[in-house]
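Asker: what follows is a protein structure lacking sequence information:
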């Protein structure tokens, strides 16, 4: 056999092995981690960690019957002229279906269980909950829409950064620009990954990561942490590992009594503003995934949050939705998958549990 044939066969062999390697890793890990099917969604933590056995595959927002509740929320652009609403919600990814899957919007449970028309205000280029509430008020929209209730929602770890700050309650509102935004809103939290082929530069990372997890998975990584739980809280393949963002821990270190008092004072001011229009303000901080499950971590080396405990004791002019208390009761009753194993967001089970416990009246 001459050198040319040997060289050619070597090249072919390398190519075949290259294809086989990527095909094998793709079928073992990658295709189950990344968003490669428009109709299947996997959580954010599962994707950034490459932790295949925590993946909880669920229907994406494109599946027609993914929401089966009889009443669903509306957007401003869907309203008819002079149409009023019962409830307005303003929030972050938890208010905007980022987790996808079954009945991903808690607003739909509010609409269904209370027979309310619920309007969700999608965020602009960035989440600005206070700014959007002030704009709704100063633009005259609250007078036009006549809601009974406004719900402002924020995940726990961002609450202090959003509400425990110096807030200008007298911002100038560009009404024309604000109405234009409302009429052309797109949900920035509902998306899919760019098309990924089975040959890609992430396959190697997927393989290495999952090998490492088999050797030593319970520790803090660059952006996320994996902790071992004392029993099975999830129904994914790995049923007792808690996967959460390191931001959940960073929030704990920045929580002080003075900051929580300032947050409470600011929300009381917002409550005063909307009360002049006979509107009740509800504040729903969504408990961080770590905070909800931290008591069940074996030999937990991490600090515990005091955010909800501090806020509970403060005088309020608004109605406080204590998601930590409500969901802890669900956990104690043995409910699994309140949060998705592969996601920082809660599931439809948590949404329904919270809505059923709160009187929206």
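Answerer: The structure has been received and is ready for your questions. As the structure is a prediction and not an experimental result, all values here were calculated from the model.

Asker: buried ones in the lowest-mean-pLDDT helix or strand in the chain?
Answerer: In the chain, the helix or strand scored least confidently by mean pLDDT, DSSP states H and E is helix 3-25, which has a mean of 81. Residues of helix 3-25 classed as buried by neighbour count (16 or more other C-beta atoms under 10 Å): 22, 25. Just so you know, the C-beta spots here come from the backbone N, C-alpha and C atoms, and that holds for glycine as well.

Asker: give me the helices and strands touching that helix, please.
Answerer: helix 203-216 (3 or more C-beta pairs under 8 Å, 6 or more residues apart in numbering; DSSP states H and E).

Asker: how close does residue 343 get to residue 47?
Answerer: Residue 343 sits at a distance of 9 Å from residue 47 (criterion: C-beta to C-beta, to the nearest Å).

Asker: which of those two has more residues huddled nearby?
Answerer: Legend: neighbour count by other C-beta atoms under 10 Å for residue 343 and residue 47, higher for residue 343 (26 against 17).

Asker: picking up where we left off before, so how far is the least confident helix or strand of the chain off the chain centroid?
Answerer: Chain-centre distance of helix 3-25: 44 Å, with C-alpha atoms, centre = their mean, to the nearest Å.

Asker: rounded mean pLDDT for the helix or strand following that helix, please.
Answerer: Remark: after helix 3-25, the chain's next helix or strand is helix 31-33, criterion DSSP states H and E. Per-residue pLDDT values over helix 31-33 give a mean of 88.

Asker: what's the following helix or strand after helix 31-33?
Answerer: Counting by DSSP H and E, the next helix or strand C-terminal to helix 31-33 is strand 40-41.

Asker: in its sheet, which strands sit next to that next one, and in what direction?
Answerer: Counting by DSSP bridges, the strands paired with strand 40-41 are strand 58-59 (antiparallel).

Asker: so how far is the strand it pairs with off the chain centroid?
Answerer: With C-alpha atoms, centre = their mean as the basis, the mean position of strand 58-59 lies at 15 Å from the chain mean.

Asker: same deal with stretch 334-342?
Answerer: Between the centre of stretch 334-342 and the centre of its chain there are 14 Å (C-alpha atoms, centre = their mean).

Asker: again with stretch 147-164
Answerer: Averaging C-alpha positions (C-alpha atoms, centre = their mean) puts stretch 147-164 13 Å from its chain's average.

Asker: span of that stretch from start to end?
Answerer: From its first residue to its last, stretch 147-164 covers 26 Å (C-alpha to C-alpha, to the nearest Å).

Asker: what residues sit buried inside that stretch?
Answerer: 147, 149-160, 162-164.

Asker: for those residues, which one is nearest residue 230?
Answerer: Taking C-beta to C-beta as the measure, residue 230 sits nearest to residue 156 out of those, at 22.5 Å.

Asker: report the contact partners of the closest one.
Answerer: Residues near residue 156 by C-beta atoms under 8 Å, 6 or more residues apart in numbering: 248, 251, 285-288, 291, 305, 307-308.

Asker: name the nearest of the residues you listed relative to residue 351.
Answerer: Using C-beta to C-beta, the contacts of residue 156 come closest to residue 351 at residue 286, 10.0 Å.

Asker: please report the distance of residue 124 from residue 32.
Answerer: 34 Å.

Asker: what about the residue lying closest to residue 257 once chain neighbours are set aside, how many neighbours?
Answerer: In space, and not counting its chain neighbours, residue 257 is closest to residue 310: 5.7 Å by C-beta to C-beta, 6 or more residues apart in numbering. The number of residues packed near residue 310 is 18, by other C-beta under 10 Å.

Asker: now do the one 4 residues further on
Answerer: As a burial measure, the neighbour count of residue 314 was computed by other C-beta under 10 Å and equals 15.

Asker: the stretch 251-361 of the chain: strands as residue ranges?
Answerer: Per DSSP state E, counting those that start in this stretch, the stretch 251-361 of the chain has strands spanning 280-286, 319-320. These are given in chain order.

Asker: didn't residue 255 look like it was pressed against residue 304?
Answerer: No: if you go by C-beta atoms under 8 Å, residue 255 and residue 304 don't touch, sitting 10.4 Å apart.

Asker: so the two - more neighbours on which side?
Answerer: When neighbours are counted by other C-beta under 10 Å, residue 255 and residue 304 differ, and residue 255 comes out ahead with 20 against 12.
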